[in-house]
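Asker: got a structure for you, letters missing:
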(Lines give C-alpha, C1' and ligand atoms only; values in the text may rest on other atoms or scores of the structure.)
Protein backbone atom coordinates (compact mmCIF):
# COMPACT_ATOMS: atom_id res chain seq x y z
CA UNK A 1 0.00 0.00 0.00
CA UNK A 2 1.34 3.43 -1.00
CA UNK A 3 2.13 5.73 1.92
CA UNK A 4 1.22 9.38 2.13
CA UNK A 5 4.26 11.28 3.34
CA UNK A 6 4.10 14.57 5.20
CA UNK A 7 7.10 16.87 4.76
CA UNK A 8 7.81 19.65 7.26
CA UNK A 9 10.28 21.84 5.39
CA UNK A 10 12.14 24.85 6.78
CA UNK A 11 11.47 28.03 4.82
CA UNK A 12 13.29 31.34 5.05
CA UNK A 13 14.80 33.78 2.57
CA UNK A 14 17.46 35.88 4.35
CA UNK A 15 17.53 38.26 1.36
CA UNK A 16 13.88 39.18 1.88
CA UNK A 17 13.35 41.50 4.90
CA UNK A 18 9.72 40.37 5.12
CA UNK A 19 10.60 36.68 5.26
CA UNK A 20 10.22 34.96 8.64
CA UNK A 21 11.72 31.53 9.50
CA UNK A 22 8.96 28.91 9.54
CA UNK A 23 8.09 25.45 8.25
CA UNK A 24 5.70 24.60 5.43
CA UNK A 25 3.89 21.28 5.21
CA UNK A 26 3.60 19.27 2.02
CA UNK A 27 1.88 15.93 1.41
CA UNK A 28 3.17 13.54 -1.23
CA UNK A 29 2.36 10.01 -2.37
CA UNK A 30 5.40 7.78 -1.90
CA UNK A 31 6.73 6.10 -5.03
CA UNK A 32 8.92 3.02 -5.31
CA UNK A 33 12.64 3.75 -4.75
CA UNK A 34 11.82 7.39 -4.00
CA UNK A 35 14.69 9.42 -2.58
CA UNK A 36 14.41 12.72 -0.76
CA UNK A 37 15.85 14.41 -3.83
CA UNK A 38 13.03 12.99 -5.98
CA UNK A 39 10.46 13.99 -3.37
CA UNK A 40 11.78 17.57 -3.13
CA UNK A 41 11.87 17.88 -6.90
CA UNK A 42 8.23 16.75 -7.15
CA UNK A 43 7.23 19.22 -4.44
CA UNK A 44 9.01 22.06 -6.24
CA UNK A 45 7.61 21.14 -9.65
CA UNK A 46 4.04 20.37 -8.56
CA UNK A 47 3.35 22.29 -5.34
CA UNK A 48 5.75 25.19 -4.67
CA UNK A 49 8.10 26.49 -7.35
CA UNK A 50 9.87 28.76 -4.84
CA UNK A 51 11.29 25.89 -2.75
CA UNK A 52 15.08 26.21 -2.65
CA UNK A 53 17.50 23.32 -2.20
CA UNK A 54 20.84 22.28 -3.69
CA UNK A 55 21.66 19.34 -5.92
CA UNK A 56 24.07 18.45 -8.70
CA UNK A 57 25.17 14.86 -9.33
CA UNK A 58 22.22 13.01 -7.73
CA UNK A 59 24.60 10.11 -7.04
CA UNK A 60 26.20 10.95 -3.67
CA UNK A 61 29.38 12.27 -5.27
CA UNK A 62 29.10 16.08 -5.18
CA UNK A 63 27.76 16.48 -1.63
CA UNK A 64 25.56 19.42 -2.67
CA UNK A 65 22.24 18.08 -1.36
CA UNK A 66 23.27 17.72 2.29
CA UNK A 67 20.61 18.74 4.81
CA UNK A 68 19.33 17.80 8.25
CA UNK A 69 16.89 14.91 7.85
CA UNK A 70 14.78 14.27 10.95
CA UNK A 71 17.54 15.76 13.07
CA UNK A 72 20.44 13.96 11.37
CA UNK A 73 22.68 15.40 8.62
CA UNK A 74 22.60 13.38 5.41
CA UNK A 75 22.42 13.50 1.62
CA UNK A 76 18.97 13.87 0.07
CA UNK A 77 19.96 11.92 -3.04
CA UNK A 78 21.13 8.92 -1.00
CA UNK A 79 18.25 8.83 1.49
CA UNK A 80 15.30 6.62 0.55
CA UNK A 81 11.92 7.68 1.88
CA UNK A 82 11.14 4.03 2.69
CA UNK A 83 13.76 4.23 5.41
CA UNK A 84 12.00 7.18 7.05
CA UNK A 85 8.72 7.54 8.97
CA UNK A 86 5.55 8.97 7.45
CA UNK A 87 6.44 12.44 8.74
CA UNK A 88 9.75 13.90 7.57
CA UNK A 89 11.28 17.14 8.82
CA UNK A 90 13.94 18.80 6.67
CA UNK A 91 16.19 21.60 7.89
CA UNK A 92 19.28 23.32 6.43
CA UNK A 93 22.73 22.39 7.72
CA UNK A 94 23.83 24.51 10.70
CA UNK A 95 27.26 26.22 10.85
CA UNK A 96 27.15 27.26 7.18
CA UNK A 97 25.67 30.52 5.84
CA UNK A 98 22.03 30.11 4.85
CA UNK A 99 21.21 30.93 1.23
CA UNK A 100 17.51 30.15 1.49
CA UNK A 101 15.22 27.32 2.69
CA UNK A 102 17.39 24.16 2.57
CA UNK A 103 20.26 25.73 0.64
CA UNK A 104 23.47 26.72 2.42
CA UNK A 105 26.79 28.12 1.22
CA UNK A 106 29.30 25.35 1.90
CA UNK A 107 31.64 26.54 -0.87
CA UNK A 108 32.85 29.65 0.95
CA UNK A 109 33.45 27.68 4.15
CA UNK A 110 35.40 24.92 2.42
CA UNK A 111 37.43 27.40 0.38
CA UNK A 112 38.52 29.18 3.57
CA UNK A 113 39.23 25.84 5.26
CA UNK A 114 41.43 24.65 2.40
CA UNK A 115 43.39 27.90 2.51
CA UNK A 116 43.82 27.68 6.28
CA UNK A 117 45.21 24.13 6.27
CA UNK A 118 47.12 24.78 3.02
CA UNK A 119 45.48 21.84 1.30
CA UNK A 120 48.08 21.09 -1.33
CA UNK A 121 51.32 19.12 -1.57
CA UNK A 122 54.23 21.26 -0.32
CA UNK A 123 57.43 20.52 -2.18
CA UNK A 124 60.53 22.36 -3.41
CA UNK A 125 60.91 20.05 -6.38
CA UNK A 126 60.68 21.61 -9.81
CA UNK A 127 57.99 20.29 -12.13
CA UNK A 128 59.55 18.39 -15.03
CA UNK A 129 56.95 17.05 -17.51
CA UNK A 130 59.57 14.84 -19.19
CA UNK A 131 60.31 12.85 -16.02
CA UNK A 132 58.32 9.74 -15.17
CA UNK A 133 55.81 10.23 -12.35
CA UNK A 134 57.07 9.27 -8.91
CA UNK A 135 56.03 5.80 -7.86
CA UNK A 136 54.22 5.16 -4.59
CA UNK A 137 53.62 2.00 -2.62
CA UNK A 138 50.19 0.63 -3.57
CA UNK A 139 49.09 0.09 0.03
CA UNK A 140 50.01 3.66 0.95
CA UNK A 141 48.29 5.02 -2.15
CA UNK A 142 45.11 3.19 -1.15
CA UNK A 143 45.28 4.62 2.38
CA UNK A 144 45.59 8.13 0.95
CA UNK A 145 42.76 7.50 -1.52
CA UNK A 146 40.52 6.34 1.34
CA UNK A 147 40.82 9.81 2.92
CA UNK A 148 40.50 11.53 -0.47
CA UNK A 149 36.97 10.13 -0.91
CA UNK A 150 35.56 13.08 1.06
CA UNK A 151 32.94 14.90 -1.04
CA UNK A 152 32.92 18.04 1.15
CA UNK A 153 29.19 17.74 1.84
CA UNK A 154 29.51 19.38 5.28
CA UNK A 155 27.58 16.70 7.17
CA UNK A 156 30.46 16.07 9.59
CA UNK A 157 30.78 19.80 10.31
CA UNK A 158 27.03 20.18 10.88
CA UNK A 159 27.02 17.24 13.31
CA UNK A 160 30.07 18.44 15.25
CA UNK A 161 29.34 19.81 18.71
CA UNK A 162 32.48 21.96 18.74
CA UNK A 163 31.86 23.41 15.26
CA UNK A 164 28.32 24.36 16.28
CA UNK A 165 29.66 26.27 19.28
CA UNK A 166 32.82 27.75 17.77
CA UNK A 167 33.26 29.29 14.34
CA UNK A 168 37.07 29.00 14.54
CA UNK A 169 37.10 25.19 14.86
CA UNK A 170 38.53 23.47 11.77
CA UNK A 171 36.26 20.44 11.95
CA UNK A 172 36.79 16.77 11.11
CA UNK A 173 36.95 17.42 7.37
CA UNK A 174 39.99 19.71 7.77
CA UNK A 175 41.70 17.35 10.20
CA UNK A 176 41.08 14.47 7.81
CA UNK A 177 42.62 16.55 5.03
CA UNK A 178 45.77 17.20 7.05
CA UNK A 179 46.00 13.49 7.91
CA UNK A 180 45.98 12.78 4.19
CA UNK A 181 48.99 15.07 3.56
CA UNK A 182 50.92 13.71 6.55
CA UNK A 183 50.67 10.29 4.88
CA UNK A 184 51.78 11.62 1.49
CA UNK A 185 55.57 11.15 1.02
CA UNK A 186 55.58 13.94 -1.58
CA UNK A 187 54.64 16.56 1.03
CA UNK A 188 57.80 18.00 2.59
CA UNK A 189 56.28 19.82 5.55
CA UNK A 190 57.87 19.13 8.93
CA UNK A 191 56.17 17.96 12.12
CA UNK A 192 56.45 21.50 13.47
CA UNK A 193 54.77 22.97 10.38
CA UNK A 194 51.88 20.50 10.65
CA UNK A 195 51.64 21.26 14.37
CA UNK A 196 51.29 24.98 13.68
CA UNK A 197 48.27 24.24 11.47
CA UNK A 198 46.30 21.72 13.55
CA UNK A 199 48.10 21.37 16.91
CA UNK A 200 45.90 23.98 18.58
CA UNK A 201 42.55 24.33 20.29
CA UNK A 202 41.13 25.34 16.90
CA UNK A 203 42.42 22.05 15.51
CA UNK A 204 42.82 18.55 16.89
CA UNK A 205 42.87 19.57 20.56
CA UNK A 206 39.49 21.29 20.21
CA UNK A 207 37.84 17.99 19.22
CA UNK A 208 35.63 16.68 22.03
CA UNK A 209 35.74 13.12 20.69
CA UNK A 210 31.96 12.75 20.35
CA UNK A 211 32.52 11.23 16.89
CA UNK A 212 29.20 12.34 15.44
CA UNK A 213 31.29 13.25 12.39
CA UNK A 214 31.94 9.59 11.58
CA UNK A 215 28.37 8.59 12.44
CA UNK A 216 26.89 10.85 9.75
CA UNK A 217 29.61 10.66 7.06
CA UNK A 218 27.83 9.47 3.88
CA UNK A 219 31.11 8.09 2.51
CA UNK A 220 31.87 6.22 5.76
CA UNK A 221 35.36 7.67 6.08
CA UNK A 222 37.46 6.35 9.02
CA UNK A 223 37.38 9.69 10.83
CA UNK A 224 37.58 8.13 14.29
CA UNK A 225 40.87 6.42 13.45
CA UNK A 226 42.37 9.49 11.78
CA UNK A 227 41.40 11.87 14.60
CA UNK A 228 42.96 9.50 17.13
CA UNK A 229 46.17 9.12 15.13
CA UNK A 230 46.41 12.85 14.52
CA UNK A 231 45.85 13.68 18.21
CA UNK A 232 48.63 11.26 19.19
CA UNK A 233 51.00 12.65 16.54
CA UNK A 234 50.38 16.27 17.51
CA UNK A 235 50.63 15.44 21.22
CA UNK A 236 54.01 13.76 20.71
CA UNK A 237 55.17 16.69 18.57
CA UNK A 238 54.24 19.08 21.40
CA UNK A 239 56.22 16.98 23.90
CA UNK A 240 59.29 16.93 21.63
CA UNK A 241 59.12 20.71 21.19
CA UNK A 242 58.69 21.24 24.92
CA UNK A 243 61.74 19.15 25.83
CA UNK A 244 63.71 19.97 22.68
CA UNK A 245 63.83 16.36 21.55
CA UNK A 246 65.34 15.95 18.11
CA UNK A 247 63.06 14.64 15.36
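Answerer: Cool, got the structure. As the structure is a computational prediction, the values presented were derived from the model and not from experiment.
Asker: Let me see the contact set for the residue minimising distance to the centre of the chain.
Answerer: Centrality entry for the chain: nearest residue to the mean C-alpha point is residue 154, 2.7 Å, by C-alpha atoms, centre = their mean. Applying C-beta atoms under 8 Å, 6 or more residues apart in numbering to residue 154 gives the contacts 63, 66, 73, 93, 95, 96, 104, 106, 109, 110, 173. From N, CA and C alone the C-beta is placed, and that goes for glycine too.
Asker: Return the residues in contact with the second one.
Answerer: For residue 66, the contacting residues are 54, 73, 74, 75, 76, 93, 106, 153, 154, 155, 158, 218, by C-beta under 8 Å, 6+ apart.
Asker: Also the fifth one?
Answerer: Shown in contact with residue 95 (C-beta under 8 Å, 6+ apart): 109, 154, 157, 158, 160, 163, 164, 167.
Asker: which ones are touching the first one?
Answerer: Spelled out, that is residue 109. 95, 96, 97, 154, 157.
Asker: Quick one: neighbours of the closest residue in space to the fourth one that isn't next to it in sequence, just the number.
Answerer: I take that to be residue 154. Nearest non-adjacent residue to residue 154, counting by C-beta to C-beta, 6 or more residues apart in numbering: residue 106, 4.5 Å away. Residue 106 has 23 neighbours, counted by other C-beta atoms under 10 Å.
Asker: To what extent is the nearest residue to residue 172 once chain neighbours are set aside buried, counted in neighbours?
Answerer: Nearest residue to residue 172, sequence neighbours excluded (C-beta to C-beta, 6+ apart): residue 213, at 3.7 Å. Number of residues near residue 213 (other C-beta under 10 Å) recorded here: 27.
Asker: Look up phi and psi at residue 213.
Answerer: The phi/psi pair for residue 213 (degrees, to the nearest 10) reads phi -60, psi -50.
Asker: how near is it to residue 173?
Answerer: 8 Å (C-beta to C-beta, to the nearest Å).
Asker: Helices along the protein, start to end?
Answerer: With helices called from DSSP state H, the chain shows them at 36-46, 106-116, 138-148, 155-159, 161-165, 172-183, 191-198, 212-216, 223-242.
Asker: can I see the domain layout of the chain?
Answerer: By the assignment in automatic domain parsing, the chain contains the domains 4-104, 117-242.
Asker: Generate a markdown table for the ones you listed, with mean pLDDT as supplementary columns.
Answerer: As requested, the domains of the chain are exported to a markdown table (pLDDT from 0 to 100):
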| stretch | mean pLDDT |
| --- | --- |
| domain 4-104 | 96 |
| domain 117-242 | 93 |
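Asker: Residue 8 against residue 102, yeah?
Answerer: No: if you go by C-beta atoms under 8 Å, residue 8 and residue 102 don't touch, sitting 11.8 Å apart.
Asker: Kind regards, and thank you for your time.
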